[in-house]
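Chemist: how would this look folded up:
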Amino acid sequence: MKKTLSLLAASFALAFSASATAQTKWDLPTAYPSSNFHVENLNQFAKDVDTLSNGKLKIVVHNNASLYKAPEIKRAVQGNQAQIGEILLTNFANEDPIYALDGLPFLATGYDASFKLYQAQKAYLEKKLASQGMTLLYSVAWPAQGIFANRDLKTVDDLKGLKWRAYSPVTAKIAELVGAQPVTVQAAELSQAMATGVIDSYMSSASTGYDTKTYEYIKKWYDNQAWLPKNAVIVNKRAFDALDPATQEALKKAGAQAEERGWKLSQEKGEWYKQELTKNGMAIVKPTAELQEGLSKVGQVMIDEWVKRAGDDGKAIIDSYRKM
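Modeler: So this is what the prediction gives:
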């Protein structure tokens, strides 16, 4: 009898151990608050992964830079400290030209053009991430970028001297070319930077303006439609390879769903964010033709520099995009 009970106890212990090891938990850091549409999409993605994997893969979303700050997330995923993470591609423009592409002003304006640029870029982006031990799961564009400023902006000359938030090498370069003073400020620190006068202007989407309550400090947003930068959800390759084939497929399927949903959500929320800014006292300003022309010239300088830096691959991407 004792032997039978011992065997049963061993069987239960083995079954419990197998159950415990069958479930995998991943951490997913992101830099944005829970109100942001990217985070809403991530939360749904995590639920979809749980459902599609039959509970075998659990993804915990850590929003608002609570686990890693925005510039740290890519390295954390690369080193497998976080198995999956969301990054703003242009944050890493100094690493490789492929990360800078969708931050080039007036190369791709509007969602259709931005999605075409993504298709032209995707294989090169996947190749670069793979060389760094990571896999691209999906990518979603932000709404179009405009300028937050209290100053009247009629030409690019009016940007001179502004204390300009630079959250990426691309936005820092714009500041340099227009004569503004770039100040590095990440999303989670933006409200404090405005409240303390560290910055008085920045270029971003209406989404960022809403999330950070920019309307409490700045009263104008110039709807320049300058570019649509993308966030990418990336996975550590070793962590991915450690999953069983069925769970890998579940993750990829949930990622494809998140990408499709995210692009639609970006468009829908883009208009909603503008309405909310207006309700809170911010003027949505149509830029003058002179301001747009001046910014387009800045954009062309940056595009030419990018193609030179990116070489044959860069030229191939731009050529492919413009033929679509």
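Chemist: how many neighbouring residues does R309 have?
Modeler: Per other C-beta atoms under 10 Å, the neighbour tally for R309 reads 12. Backbone N, C-alpha and C define where each C-beta goes, glycine included.
Chemist: wait, I meant K279
Modeler: Using other C-beta under 10 Å, K279 has 9 other residues around it.
Chemist: next one: it from Y273, what distance?
Modeler: 11 Å (C-beta to C-beta, to the nearest Å).
Chemist: likewise V183?
Modeler: As judged by C-beta to C-beta, V183 and Y273 stand 24 Å apart.
Chemist: next one: S296
Modeler: 24 Å.
Chemist: more neighbours, those two?
Modeler: Comparing S296 with Y273 by other C-beta under 10 Å, the one with more neighbours is Y273, at 21 against 16.
Chemist: let's verify the more buried one: helix, strand, or coil?
Modeler: Of the three states, Y273 takes helix under DSSP: H, G, I helix; E, B strand; the rest coil.
Chemist: my read: it touches T214, true?
Modeler: No. With contacts counted by C-beta atoms under 8 Å, Y273 stays clear of T214, the gap being 10.8 Å.
Chemist: list the residues that contact K253.
Modeler: Going by C-beta atoms under 8 Å, 6 or more residues apart in numbering, K253 touches D48, L52.
Chemist: backbone dihedrals for the closest residue to E259 other than its chain neighbours, please?
Modeler: The spatially closest residue to E259, leaving aside those adjacent along the chain, is Y138, at 3.7 Å (C-beta to C-beta, 6 or more residues apart in numbering). Torsion angles at Y138 (phi, psi; degrees, to the nearest 10) stand at phi -160, psi 170.
Chemist: same question for R309.
Modeler: Dihedral pair for R309: phi -70, psi -40, per degrees, to the nearest 10.
Chemist: for the closest residue to it other than its chain neighbours, give me its contacts.
Modeler: Spatial nearest neighbour of R309, chain neighbours left out: P97 (5.0 Å); criterion: C-beta to C-beta, 6+ apart. The contact partners of P97, by C-beta under 8 Å, 6+ apart, come to W306, R309, A310, D313, G314.
Chemist: wait, the third one sits on D304?
Modeler: Going back to what we said before, that points to A310. No. Using C-beta under 8 Å, A310 is not in contact with D304; the gap is 11.0 Å.
Chemist: so for these two, which sits in the more crowded spot?
Modeler: More crowded of A310 and D304, by other C-beta under 10 Å: A310, with 19 against 11.
Chemist: surely that one is within a helix?
Modeler: Yes. The assignment for A310 (three-state DSSP) places it in a helix.
Chemist: and the helices in the stretch 151-300 of the chain?
Modeler: Assigned helices in the stretch 151-300 of the chain, in chain order: 169-178, 190-195, 206-211, 237-241, 245-279, 289-323 (criterion: DSSP state H, counting those that start in this stretch).
Chemist: buried ones in the second one?
Modeler: If I follow you right, that is helix 190-195. Neighbour counts over helix 190-195 (16 or more other C-beta atoms under 10 Å) mark L190, S191, A193, M194 as buried.
Chemist: repeat for the fourth one
Modeler: Neighbour-count burial for helix 237-241 flags K237, A239, F240 (criterion: 16+ other C-beta under 10 Å).
Chemist: nearest residue to the middle of the chain?
Modeler: For the chain, the residue nearest the mean C-alpha position is N231 (2.1 Å; C-alpha atoms, centre = their mean).
Chemist: which residues does that one bridge with?
Modeler: L88, V140 (DSSP bridges).
Chemist: contact partners for it?
Modeler: Residues near N231 by C-beta under 8 Å, 6+ apart: H38, E86, I87, L88, L89, S139, V140, A141, W142.
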